[in-house]
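Asks: how does the following fold in three dimensions:
(one chain, ligands or ions: 2)
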Amino acid sequence: SSQCRIAPSILSADFARLGEEVRNVVEAGADWIHFDVMDNHYVPNLTVGPLVCEAIRPHVQVPIDVHLMVEPVDSIIPMFAKAGADYITFHCEASRHIDRTLSLIHDCGCKAGLVFNPSTPLNYLEYVLDKVDLILLMSVNPGFGGQSFIPSVMNKIVAARNIIDRHTQATGHQVFLEIDGGVKVENIGALAAAGADTFVAGSAIFGKKTPSGYKEVIAQMREA
Ligand code: DX5
Ligand code: ZN
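Replies: Ligands and ions are numbered 1, 2, ... in the order given. Predicted structure coming up:
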């Protein structure tokens, strides 16, 4: 639906043509660009940093959703804010002081998100939800594109949706619920029905290789 956000992950894009790739997915209907940052320390893979975020920034108008899979996180946050990030998300286990990191992201002028690995409990939200603009539930273990969706995350989406709805009712504060990992045309309808409103998809979109393929799959996802 039009209430949902589709955020293609650049992880599966052609990095040699990244500017063109992000322009193509946005023209194809993407709402956000999901920017995966891996450090070969918090996760066993290595991707890109603030320089590449800054390089793609002028190519698109849509929000850039920076997913930090790095540890420590605090030192890199101001650099991504300067590089044009709109949302900055980090993993619960990668920050010594979650409340401080959320405040730091806001102080840098960005929206803040907390990321939950498949095994990470939602309890971390209890005392910080007022500082969270985005909850990102990982539906694969972070580090690689193209993995399969872990089914137990479905119940977690329902639980997070309840937490968000109660909080929004009490405070008026809006919080997005984003799912990352193994999202496809075939399961996106069930994810939305469970309560997700923002969908990261890497291989399902960029795997199509062509602008017309991107357009087709994004339209199918929105329809589903
Ligand atoms: C995984 C990344 C994801 C990844 C998703 O650690 O955070 O954003 O690109 O890729 P797919 O959609 O292929 O599972
Ligand atoms: Zn991601």
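
Asks: mind telling me which residue of the protein is nearest ligand 2?
Replies: H67 (3.8 Å; Cβ to the ion). Every C-beta, even on glycine, is put in place using the N, C-alpha and C of the backbone.

Asks: so that residue: helix, strand or coil?
Replies: Under DSSP: H, G, I helix; E, B strand; the rest coil, H67 falls in the strand class.

Asks: same deal with V26?
Replies: helix.

Asks: contact partners for it?
Replies: By Cβ atoms under 8 Å, 6 or more residues apart in numbering, the residues touching V26 are I33, V60, Q61, V62.

Asks: try T198
Replies: C4, R5, A7, W32, L134, F176, L177, E178, I179.

Asks: equivalent analysis for H106, please.
Replies: Residues in contact with H106 (Cβ under 8 Å, 6+ apart) are A112, K131.

Asks: report the buried residues of the helix or strand harbouring it.
Replies: Per DSSP states H and E, H106 falls inside helix 98-107. Within helix 98-107, the residues that count as buried by 16 or more other Cβ atoms under 10 Å are I98, T101, L102, L104, I105.

Asks: in strands only, show me the contacts of V26.
Replies: If you go by DSSP state E, the contacts of V26 have I33 in strands.

Asks: quick one: the helices in this structure?
Replies: 18-27, 50-56, 77-82, 98-107, 153-171, 185-194, 203-206, 211-223 (DSSP state H).

Asks: point out the most buried one among those.
Replies: helix 203-206 (a mean of 23; mean count of other Cβ atoms under 10 Å).

Asks: average pLDDT for that helix?
Replies: The pLDDT scores in helix 203-206 average 98.

Asks: hmm, it touching ligand 1?
Replies: Yes - counting by Cβ under 6 Å from any ligand atom, ligand 1 is contacted by helix 203-206 at S203, A204.

Asks: just stretch 164-179 next, same as before
Replies: No - judged by Cβ under 6 Å from any ligand atom, stretch 164-179 stays clear of ligand 1, getting no closer than 9.7 Å.

Asks: pull the CA atoms of that stretch into PDB?
Replies: What follows is stretch 164-179, C-alpha atoms only, in PDB (Å, rounded to 0.1, in the frame of the first residue of the first chain):
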ATOM      1  CA  ILE A 164       4.500   0.600  19.100                       C
ATOM      2  CA  ASP A 165       0.700   0.900  18.900                       C
ATOM      3  CA  ARG A 166       0.400   1.300  22.700                       C
ATOM      4  CA  HIS A 167       3.300   3.800  22.800                       C
ATOM      5  CA  THR A 168       1.800   5.800  19.900                       C
ATOM      6  CA  GLN A 169      -1.600   5.800  21.500                       C
ATOM      7  CA  ALA A 170      -0.200   7.100  24.800                       C
ATOM      8  CA  THR A 171       2.200   9.700  23.400                       C
ATOM      9  CA  GLY A 172       1.400  10.500  19.700                       C
ATOM     10  CA  HIS A 173       5.000   9.500  18.800                       C
ATOM     11  CA  GLN A 174       5.200   7.600  15.500                       C
ATOM     12  CA  VAL A 175       7.700   4.700  15.200                       C
ATOM     13  CA  PHE A 176       8.300   2.800  12.000                       C
ATOM     14  CA  LEU A 177       8.700  -1.000  12.000                       C
ATOM     15  CA  GLU A 178      11.200  -2.200   9.400                       C
ATOM     16  CA  ILE A 179      12.100  -5.700   8.400                       C
END
